[in-house]
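**Q** How does the following fold in three dimensions:
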Amino acid sequence: MTAKTAEEAIELALKQLGAQREDVVIEVISKGKTGILGFGSEPARVRVVRLDPTQTLAKEAKEVVDKLLVHMKVNAIASIGPPPQDSLSSIAINVEGEDSGLLIGRRGETLQALQFIVASLLSHTKGEGVRVHVDVEHYKDRRRAALQKLAQNMAERVSSSGRPMTLEPMPPAERRIIHMTLANDRRVTTQSVGDREGRKVTILPRRGSSGTGPSGARLSDGPQTLPQEKSPQPPEDYDQEPAD
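**A** Numbers count the residues shown, from 1 in each chain. As a prediction, the model looks like this:
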């Protein structure tokens, strides 16, 4: 787009696209020249490209997180990143900074609440449901890896002993990771049991698998727990477990 000045060219481009500045990427190719007495003048030239819906939404999500961090007086910075491969969200925001640990909370409850608030605010603004993956210092990646390892270890024990084993209570997204990790394991199957905060995953041997004991074998002596790190662990996306 060209005009006498770069600002005029930008306004013309926005009008032509029917967009606001926050919805586009603006590149000033040439600021133009006024010339002398009309000679040697050159128009300003700009390139204005509309952001795709996901990019726009990600930018809005980051702005929401930035405002919440200021309101909470947390010294941290939010950035836009790619969502995890197994996440149902198309938008991912990661928070880093010296105070970022405050956003995790006990068993990830603070992070879970932050993610819920961000998704709720965006859903209200857009008039439709929005999924957002919010993480702190990539903590969820480490938690996911720990849960996958736990699931594989427990599957090995269940297969060898022929007895079901029940894990500790977990939020929906963490149970989902267990289910998905063992979905293609021919030795065991999984199911969620319990109610609300006490809901947990039971890993059971498949019929005919090696090491399977009597059908009436009792459950393990107690829920299997993960070794606790120095900081509490956050859950994966809070509302993303498939129906049990």
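
**Q** mind checking how far the residue lying closest to residue 125 once chain neighbours are set aside is from residue 127?
**A** Excluding the flanking residues, the one nearest residue 125 by Cβ to Cβ, 6 or more residues apart in numbering is residue 60, at 7.4 Å. The way it works is simple: take the backbone N, C-alpha and C, and place the C-beta from them, glycine included. The gap separating residue 60 from residue 127 is 13 Å, by Cβ to Cβ, to the nearest Å.

**Q** Quick check: can you list the domain ranges of the chain?
**A** 2-51, 54-137, 139-244 (automatic domain parsing).

**Q** how deep is residue 105 tucked in, by neighbour count?
**A** 17 (other Cβ atoms under 10 Å).

**Q** In space, not sequence, find me the middle residue of the protein.
**A** Centrality entry for the chain: nearest residue to the mean C-alpha point is residue 133, 1.8 Å, by Cα atoms, centre = their mean.

**Q** and that one, what does it touch?
**A** Counting by Cβ atoms under 8 Å, 6 or more residues apart in numbering, residue 133 makes contact with 83-84, 87, 89, 91-93, 115, 140, 237.

**Q** Show me what the helix or strand of the chain with the lowest mean pLDDT packs onto, helices and strands only.
**A** Each helix and strand of the chain was given a mean pLDDT (mean pLDDT, DSSP states H and E); the minimum falls on strand 24-30 at a mean of 84. Using 3 or more Cβ pairs under 8 Å, 6 or more residues apart in numbering; DSSP states H and E, the elements in contact with strand 24-30 are helix 6-17, strand 44-50.

**Q** May I see the buried residues of the longest helix seen in the chain?
**A** Scanning the chain for the helix with the most residues, using DSSP state H, yields helix 139-161. By 16 or more other Cβ atoms under 10 Å, the buried positions in helix 139-161 come out as 139-140, 143-144, 146-147, 150-151, 154-155, 158-159.

**Q** next one: stretch 67-74
**A** In stretch 67-74, counting by 16+ other Cβ under 10 Å, buried: 68-69, 74.

**Q** Ok, stretch 162-174 next?
**A** By 16+ other Cβ under 10 Å, the buried positions in stretch 162-174 come out as 162-167, 169-174.

**Q** if we can go back for a sec, ok, residue 60 and residue 127, which is more surrounded?
**A** Applying other Cβ under 10 Å to residue 60 and residue 127 shows that residue 60 carries more neighbours, namely 19 against 7.

**Q** ok, and the closest non-adjacent residue to residue 204?
**A** Leaving aside its sequence neighbours, residue 204 sits nearest to residue 164 (Cβ to Cβ, 6+ apart; 4.4 Å).

**Q** May I have the phi/psi pair for the one you found?
**A** Phi and psi for residue 164, reported as degrees, to the nearest 10, are phi -60, psi 150.

**Q** One more: residue 70?
**A** Here is the backbone geometry of residue 70 (degrees, to the nearest 10): phi -60, psi -40.

**Q** pLDDT score for residue 108?
**A** The model reports residue 108 with a pLDDT of 78.

**Q** phi, psi of the residue nearest to the centre of the chain?
**A** Backbone torsions of residue 133, given as degrees, to the nearest 10, read phi -100, psi 110.

**Q** same check, this time on residue 105
**A** Residue 105 adopts backbone torsions of phi 80, psi 180, taken as degrees, to the nearest 10.

**Q** where does this structure dip in pLDDT?
**A** The model of the chain has pLDDT under 70 over residues 35-40, 86, 209-244.

**Q** what about the strands in it?
**A** 2-3, 24-30, 44-50, 77-81, 92-96, 133-136, 165-166, 188-193, 200-205 (DSSP state E).
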